[in-house]
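Visitor: Need a 3D model of the following:
(4 chains)
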There are 4 protein chains.
Amino acid sequence: MIKAGIIGATGYAGNELVRLLMGHREVEICWYGSKSYTGETYAGIYRNMSGIVEDVCKDDNLAALADEADVIFTATPQGFLAGLLTEEILARTKVVDLSADYRIRDVGVYEEWYKIKHKSPGLIGEAVYGLCEINREKIRGTRLVANPGCYTTCSILTAYPLVKEGLVDPGTLIIDAKSGTSGAGRGAKVGNLFCEVNENIKAYGVTDHRHTPEIEEQLGYAAGRAVTVNFTPHLVPMNRGILVTEYASLVRKPDGNLPSAEEIAAVYDQYYGKERFVRVLGDGVCPETRWVEGSNYVDIGFKTDARTGRVILMGALDNLVKGAAGQAVQNMNLLFGFDEAEGIGAAPLFP
Amino acid sequence: MIKAGIIGATGYAGNELVRLLMGHREVEICWYGSKSYTGETYAGIYRNMSGIVEDVCKDDNLAALADEADVIFTATPQGFLAGLLTEEILARTKVVDLSADYRIRDVGVYEEWYKIKHKSPGLIGEAVYGLCEINREKIRGTRLVANPGCYTTCSILTAYPLVKEGLVDPGTLIIDAKSGTSGAGRGAKVGNLFCEVNENIKAYGVTDHRHTPEIEEQLGYAAGRAVTVNFTPHLVPMNRGILVTEYASLVRKPDGNLPSAEEIAAVYDQYYGKERFVRVLGDGVCPETRWVEGSNYVDIGFKTDARTGRVILMGALDNLVKGAAGQAVQNMNLLFGFDEAEGIGAAPLFP
Amino acid sequence: MIKAGIIGATGYAGNELVRLLMGHREVEICWYGSKSYTGETYAGIYRNMSGIVEDVCKDDNLAALADEADVIFTATPQGFLAGLLTEEILARTKVVDLSADYRIRDVGVYEEWYKIKHKSPGLIGEAVYGLCEINREKIRGTRLVANPGCYTTCSILTAYPLVKEGLVDPGTLIIDAKSGTSGAGRGAKVGNLFCEVNENIKAYGVTDHRHTPEIEEQLGYAAGRAVTVNFTPHLVPMNRGILVTEYASLVRKPDGNLPSAEEIAAVYDQYYGKERFVRVLGDGVCPETRWVEGSNYVDIGFKTDARTGRVILMGALDNLVKGAAGQAVQNMNLLFGFDEAEGIGAAPLFP
Amino acid sequence: MIKAGIIGATGYAGNELVRLLMGHREVEICWYGSKSYTGETYAGIYRNMSGIVEDVCKDDNLAALADEADVIFTATPQGFLAGLLTEEILARTKVVDLSADYRIRDVGVYEEWYKIKHKSPGLIGEAVYGLCEINREKIRGTRLVANPGCYTTCSILTAYPLVKEGLVDPGTLIIDAKSGTSGAGRGAKVGNLFCEVNENIKAYGVTDHRHTPEIEEQLGYAAGRAVTVNFTPHLVPMNRGILVTEYASLVRKPDGNLPSAEEIAAVYDQYYGKERFVRVLGDGVCPETRWVEGSNYVDIGFKTDARTGRVILMGALDNLVKGAAGQAVQNMNLLFGFDEAEGIGAAPLFP
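Guide: Residues are numbered from 1 along each chain as shown, chains lettered A, B, ... in the order given. Next up, the predicted model:
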């Protein structure tokens, strides 16, 4: 039994971490950190936890927590962890960071997209990008996991095998993403009120959403060269779920033909055939967010189009689970040698 | 490890049973029975179960299933089980019936409200009404559990202690209930289309909803005399959840005073203080369906009104869990001596 | 062509006023008053008005506006208008107040329920309660209309004829109300975020909601004596719409029989048969909010219950139209002798 | 005052036609045609029309209707009108067809995408594609209007000026579209039930949706050559609204530079500056379906991306108004010389 602390336990991702860890056999939570609700009972803020969590919220004192916890989850605003994390803290505990602070290798890119000065660039090199299906072995050996963003996890996992194997031209990649509203967080903003989101769909962050460089960096590793993409997120009137629809031109084979659906399926199978949490659907079957809700699964589908020479890739996940807290737990499981699915193996909830 | 069969596995309650039993350590499902989808893969119908359930749907042959299963769940239309169940089947297996066939003691009342002839009235006497918090001991000893309805579970548990202890006049009881749309089932009807339900609220079954006599019978046992109530269900544009708002006149104490909030809280505590799945909230705190979603919890609150001499009781549960599949699993756990919370102990999912 | 000014034009009710007045042939808006957005273009805040409204928001200077406008609508917080309104302003313009400041005759009751000191109690006597179907003639002759609340309009119109004609015992009246979320306003509060409201239903303001005394006062006039009711509002995950479900004991006739459905229908017909905006549905037909959305209609239905001796009354309206802005326009039409339906005669929008 | 008949008056588009025509000063409806509800009162099926429409539904006898009506709207399944329309009918009345029967010039393309034999190909040449902003003059002179599809209207209007003026390479055009559920019609299908659509987003018809060739044909006229696009529709949990997000590579100018945002805005202004129902938003402002709900407006926005050399175009409309019934009324207004905005000039409804 290890001890876990959460900084940022009263955001939506924090609450999801609590939910998942309550069902984890190897972990107990020792610290519910919250800047806004210090001193209040956790179950008074999240009444789903009434009768389940008895604790009172503590502050966000990372150094103090490092003395108590075997692992710290930070579900905090950009820049928070970078401003506090030190070599000394990492010597005492492991950290899974749900913010973007250590996701991007090039500190200049981080600072440009996030409009913020990075306070601990020296630690970026140590962080491992926590996309378990891609970096499993590296994650096992690190002290600092940069847990990927929700859009990013979905976008990368959907395209990765085809980019890596050269079946698509990464320079043509366009990612049109749709997200439920929990991704916008629990801040009290007019734009996130029920009446503003309900019966509406809109794009936002067009051409400049912060998840773009994260996607480009990881797909660049797959392509073996720099990749530039258009990434367009949309806000959908639902609580949970991300769907990405990706467009890319297929690369003709030496014989001049386009890759067939069977060949694409075979590549996906090669990468994900043994993955517990990636379900590749048959040719032409479209993923839907409802089929992954509440679970750590990513569903992937595709359809080739001979008319345009493109392939349309689709991926769906629950932004709070595989897109945040679930993947964080999966990373923790890897860090401590637990069964990778412990605590996150539940079947999706429908309807 | 026992074997469970489900007849009606492709309705919403059936799918919820599958979801919960997938996480149960003592049960494996041996039969996914479906009249409409016999021969099709279960995961092709409910794609949340893709990669989790490999089975093909079987038919609804109860007698054949009784040879294989230690327990049978029937999530079937009214009259189905009553037309097939026999003493001989019950000699071979246990049955948890999610339909109304054995919930009502008086077969005449059943036939009047359901407009259907009961085919096996001789078995009604053996059935135990499966409201675990009220009938726990009787359930342990039976072969046939009549699993309560969703509205009924919520309505009865909310009022039961106050009726039983005589704090309210059951003759004044009015139950105004609100339900998510999964309660209407998966049948293809215009009235349940997205555009008909969304952005709408309506009452239905006013004065004659079939759950009325079930509530009256059980609260009648509590009151020690016949009880007649108004029960009015409403359809709410959400997937899951039932909220009941109940109104009743408080009975003055011998000293002429109305019972206080403390006295009411004490009665609730006496009945539910040790119950795992009933959470009684503080005086004036209103239950909300979001705080129980996906879980087997019932949240109960109340508020007294000196101006009118009434108390307003409120209860919330997830209609597919505590209102159907979760309670069915809880009953199965009692039948077989498992931990009562096994498979249904997950924390609610929010948002 | 008269000139209208709006104080509080950037709330939901204010925007609905703008929408309706844009389609009104006898009115032009001369003042878009907004405390929060003074100096910004109105269409920049409410982009539905892009290309329709060119104006910039002004402040909330009531006295200055009184010099320009023939009628002022105030869609402002409680206490605002009471703190500014004077005899002198009323000598220059007419006022339709969408707040509660002049709705309640007894200033003590107002101050008790609203926890606020009334600053101009001397003007209460002049105000006419603007429920057009009840007070039509009085409204025509006044300078100050107290536009009823959304819950109140629906609750009172639904019960009024039966209370007035003595068919129901007003002492038994229980009103269970359900509202869409636009009724909660456009303030940035966590409780009104999409993820907090969606997939949820809850009661609030149980026993002490501020609309209670307003309902009691008006139904008291109908009953000819003081009336005390239980009024319980609920928040429903939809944008618009209010549904009330009301329970009352029927009063037996001299012959000992309960009033029949025909007799109840006849009473409704007597009061509303010629009303343009009240649609009484047949016996047992349940009103639904979707059938009145975007319109000024109130739909009313009822069902008698011989088993309990009660009648269940149901009423539905759009809280922003008949429950706020539409009724305000209807009142303005009466004040100025326009066709009562001018600007508010559009058919409901479905789906 | 002209007389209009509707065949298919009981679908969602038919009901929207009724709503709009009720507010039109120059038209009265003489025929509510419905295959499924012949003989039933219209207001019994669509209770929003209670007290507004007194008529009983008639059958779908087009020839009989042609004797009574000055204009016939057909909101019917594909192939229905093509199977009945004759030169003789067109000699007696004008027809606005909301189905796809006469939208596509090349009958072979129609038959390939719709999997249906066209029964009156000889009339295709006479039909005018009823996109008012593009074909206004041709519409005025015809007897047969092929009213465009919902996705199509939005997709074409958003891209048309840039394609026509050569600012984008039409061969790179990718259209990712999102639609509310009313677009799926009122048929009782499991896939359109509330619980299947709510809390979900999915793509469908990937690479082979029937609106594709309609878009390609019209944009081909703009480009002056054949255009092939990827069009991917998605189903969104909301009643109304379509949003398209379109991606295309900008064509470099002779000086080697990409067109600027100002230049793009100028082209839009050239085409739509005087259009009543097209609102072009500023650079980088994203259209949202909520701002056009219930109205005939199309909102268009765009954002250039120097990193990728692409422009992202976005368009939003109400699929039942500008995407169906509203545009049909606009076409009728053109056919009869009425004010083009008569009956469809209402401001959008929010929230």
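Visitor: check contacts around residue A:265.
Guide: A:280, A:282-283 (CB atoms under 8 Å, 6 or more residues apart in numbering or on different chains). C-beta: built from backbone N, CA, C; applies to glycine.
Visitor: at 7 Å instead, please
Guide: Going by CB atoms under 7 Å, 6 or more residues apart in numbering or on different chains, residue A:265 touches residue A:283.
Visitor: list the buried ones in the helix or strand containing it?
Guide: Element membership for residue A:265 (DSSP states H and E) is helix A:261-272. Of all the residues in helix A:261-272, those buried under the rule 16 or more other CB atoms under 10 Å in any protein chain shown are A:264, A:267-268, A:271-272.
Visitor: Surely residue A:305 and residue D:207 touch.
Guide: Yes. Under the criterion of CB atoms under 7 Å, residue A:305 makes contact with residue D:207 at 4.2 Å.
Visitor: So for the two, which residues contact both of them?
Guide: Common neighbours of residue A:305 and residue D:207, counting by CB under 7 Å, 6+ apart, are A:312, D:230.
Visitor: Up against chain D, what does chain A have?
Guide: Residues of chain A lying close to chain D by CB under 7 Å from any CB of the partner chain are A:174, A:176, A:178, A:195-196, A:199-204, A:206-207, A:228, A:230, A:232, A:234, A:236-239, A:241, A:243, A:245, A:247, A:286, A:288-290, A:293, A:303, A:305, A:307-308, A:310, A:312, A:314, A:351.
Visitor: Now do the same for residue A:36: helix, strand or coil?
Guide: Three-state assignment for residue A:36 (DSSP: H, G, I helix; E, B strand; the rest coil): coil.
Visitor: which SS state does the closest residue to it other than its chain neighbours fall under?
Guide: Computed as CB to CB, 6 or more residues apart in numbering or on different chains, the closest residue to residue A:36 that is not its neighbour in sequence is residue A:10, at 6.4 Å. For residue A:10, the assignment made with three-state DSSP gives coil.
Visitor: And for residue A:246?
Guide: For residue A:246, the assignment made with three-state DSSP gives strand.
Visitor: What segments of the stretch 201-350 of chain A are helices?
Guide: Ranges of helices in the stretch 201-350 of chain A, per DSSP state H, counting those that start in this stretch, are A:211-223, A:261-272, A:326-336.
Visitor: secondary structure element for residue A:158?
Guide: Going by DSSP H and E, residue A:158 is in helix A:150-164.
Visitor: where's residue A:210 relative to residue A:104, distance?
Guide: Computed as CB to CB, to the nearest Å, the residue A:210 to residue A:104 distance reads 10 Å.
Visitor: So for these two, which residue has more residues nearby?
Guide: More crowded of residue A:210 and residue A:104, by other CB atoms under 10 Å in any protein chain shown: residue A:104, with 25 against 19.
Visitor: Pull the contacting residues for the more buried one.
Guide: Residues near residue A:104 by CB under 7 Å, 6+ apart: A:110, A:213-214, A:217.
Visitor: mind running it again at 10 Å?
Guide: Counting by CB atoms under 10 Å, 6 or more residues apart in numbering or on different chains, residue A:104 touches A:110-114, A:118, A:124, A:127, A:129, A:146, A:210, A:213-214, A:216-218.
Visitor: pLDDT at the residue nearest to residue A:253 when sequence neighbours are not counted, what is it?
Guide: In space, and not counting its chain neighbours, residue A:253 is closest to residue A:259: 6.3 Å by CB to CB, 6+ apart. Residue A:259 carries a pLDDT value of 98.
Visitor: Would you agree residue A:259 is in contact with residue A:249?
Guide: No. Using CB atoms under 10 Å, residue A:259 makes no contact with residue A:249, being 11.1 Å away.
Visitor: what do these two both touch?
Guide: A:168, A:311.
Visitor: quick one: which of those two has more around it?
Guide: residue A:259 (20 against 17).
Visitor: okay, residue A:23: pLDDT?
Guide: Listed pLDDT for residue A:23 reads 97.
Visitor: tell me the phi and psi of the residue nearest to it when sequence neighbours are not counted?
Guide: Spatial nearest neighbour of residue A:23, excluding adjacent residues (CB to CB, 6+ apart): residue A:343 at 5.5 Å. Phi and psi for residue A:343, reported as degrees, to the nearest 10, are phi 80, psi -10.
Visitor: For residue A:343, the count of nearby residues, please.
Guide: Residue A:343 is flanked by 22 other residues according to other CB under 10 Å.
Visitor: interface residues of chain A facing chain C?
Guide: A:12, A:36, A:45, A:180-200, A:235, A:237-240 (CB under 10 Å from any CB of the partner chain).
Visitor: give me that answer again for 8 Å
Guide: Within chain A, the positions near chain C by CB under 8 Å from any CB of the partner chain are A:12, A:181-182, A:186, A:188-190, A:192-199, A:237-239.
Visitor: Among the contacts of residue A:104, name the buried ones.
Guide: Buried residues within the contacts of residue A:104, counting neighbours by 16+ other CB under 10 Å: A:110, A:113-114, A:118, A:124, A:127, A:129, A:146, A:210, A:213-214, A:216-218.
Visitor: Turn these into TSV, columns for pLDDT.
Guide: Below are the buried ones among the contacts of residue A:104 laid out as TSV (pLDDT from 0 to 100):
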residue	pLDDT
A:110	97
A:113	97
A:114	97
A:118	98
A:124	98
A:127	98
A:129	98
A:146	98
A:210	97
A:213	98
A:214	98
A:216	98
A:217	98
A:218	98
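Visitor: That concludes my questions; thank you for your assistance.
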